[in-house]
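Colleague: Test case, fold it:
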Amino acid sequence: MKQKKFFALTLVFSLLIGILFMAPSANAVSNRPVKLIYAKPPKNGLAVGAIGYVEVENIAYEKNVTIHYSFDGVKWEDCKAEYYKPTWGNYEAWKFETPTKVPSYRGSITVQFAIKYEVNGQTYWDNNNGQNYSIHAGYADSGRFDFGVGGIANRTSYRSDDFVSGWLQLKDLGDPKEVKVIYTTDNWETTNEVDAKYYTTFSQKNYVQEWSYKIPTNACNLQYKLSYTVNGITYIDDNFGNYYTA
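Modeller: Numbering: from 1, shown residues only. Predicted coordinates:
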């Protein structure tokens with residue numbers, strides 16, 4: 001009889017522990033079936049938020065991807081990610097955009113977030129190993145990206161005279177590193193490349209750097225992608241197969 005009571009109490013305790021670990025929390029444990037690719041601030045205006053891409057394993061057709069975000073670390077809210085396109089193997093990219101908030105005059109804002117993936121009755125989290133992801137931007141601030149499995153991402157580009165100039169950000173994974181722009185004007189029948197140049201390391205999060213680049217053409221049929229090689233690994237940002245134009 002005592003053994004039965006002990007077993008019942010053990011079962012109840014295990015269920016309670018399971019419920020606690022399944023609760024939505026910014027400190028939930030990250031799991032491999034869901035991973036941030038990268039996130040960045042909105043392109044225009046002073047409003048600060050997070051726009052990003054998440055990679056999930058296609059475990060089942062029915063699934064939910066939710067961004068758990070906060071502007072102050074106290075009040076947390078949720079917004080839904082939407083299916084974007086397949087990436088590789090059995091994985092998919094999902095895109096999200098949090099609501100935005102306008103900082104005070106000459107101020108800045110940091111929005112932090114974690115990612116929840118629900119599929120087949122299971123809940124998986126990616127919260128950057130308990131640190132959460134974050135996007136920082138504000139007045140006279142170009143904004144800082146955050147990275148998961150992605151290593152490099154384009155920020156902006158524009159045409160000027162006979163050049164296309166732009167800015168990119170990357171995750172500083174060590175030195176030496178090789179950062180290039182690979183481009184074509186004949187639909188990838190031939191390619192050229194130029195080196196990007198280091199500009200700055202963000203003080204708020206010292207593993208994110210910004211680099212500049214200049215492509216010596218402003219041809220209307222220009223297409224390009226970004227390449228970042230470090231520690232024997234090459235990261236590519238080709239705009240999810242759509243490539244970049246100016």
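
Colleague: lowest confidence element among the helices and strands of this structure?
Modeller: helix 2-22 (a mean of 38; mean pLDDT, DSSP states H and E).

Colleague: next structured bit after it?
Modeller: strand 34-40 (DSSP states H and E).

Colleague: Direction included, what does whichever helix or strand comes after that next one pair against?
Modeller: Heading C-terminal from strand 34-40, the first helix or strand you meet, by DSSP H and E, is strand 51-57. Sheet partners assigned to strand 51-57 using DSSP bridges are listed as strand 34-40 (antiparallel), strand 91-97 (antiparallel).

Colleague: Can you tell me the closest non-neighbouring residue to the spatially most central residue of the chain?
Modeller: Nearest residue to the geometric centre of the chain (CA atoms, centre = their mean): residue 38, 1.5 Å. Leaving aside its chain neighbours, residue 38 sits nearest to residue 150 (4.1 Å; criterion: CB to CB, 6 or more residues apart in numbering). Yep, even glycine has a C-beta here, placed from its N, CA and C like the rest.

Colleague: of all the strands paired with strand 51-57, which lies closest to residue 82?
Modeller: strand 91-97 (5.7 Å; CB to CB).

Colleague: and the closest one, what's its mean pLDDT?
Modeller: For strand 91-97, mean pLDDT is 97.

Colleague: Please export the C-alpha coordinates of it as CSV.
Modeller: Extracted C-alpha coordinates of strand 91-97, given in CSV (Å, rounded to 0.1, in the frame of the first residue of the first chain):
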residue,chain,number,x,y,z
TYR,A,91,13.3,22.6,-42.6
GLU,A,92,11.3,25.7,-43.3
ALA,A,93,11.8,29.4,-42.8
TRP,A,94,9.1,31.4,-41.0
LYS,A,95,9.0,35.2,-40.9
PHE,A,96,7.9,37.4,-38.0
GLU,A,97,7.5,41.1,-37.2
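
Colleague: Buried ones in it, by neighbour count?
Modeller: By 16 or more other CB atoms under 10 Å, the buried positions in strand 91-97 come out as 92, 93, 94, 95, 96, 97.

Colleague: do the same with stretch 115-131
Modeller: 115, 116, 117, 119, 123, 124, 125, 126, 127, 128.

Colleague: what inclination does the helix or strand hosting the first one have with respect to strand 34-40?
Modeller: I take that to be residue 115. Here residue 115, judged by DSSP H and E, is contained in strand 108-119. Angle of strand 108-119 versus strand 34-40, following axes from the mean of the first three to the mean of the last three CA atoms, to 10 degrees, is 150 degrees.

Colleague: how far away is residue 90 from residue 125?
Modeller: Distance, residue 90 to residue 125, by CB to CB, to the nearest Å: 20 Å.

Colleague: again with residue 164
Modeller: The gap separating residue 164 from residue 125 is 39 Å, by CB to CB.

Colleague: circling back: find the pair from the buried residues of stretch 115-131 with maximum spatial separation.
Modeller: That would be 119 and 128, which, of the buried residues of stretch 115-131, are the farthest apart (CB to CB) at 20.5 Å.

Colleague: Name all residues that make contact with residue 136.
Modeller: Neighbour list for residue 136: 41, 48, 108, 109, 110, 143, 144, 202, 204, 205 [criterion: CB atoms under 8 Å, 6 or more residues apart in numbering].
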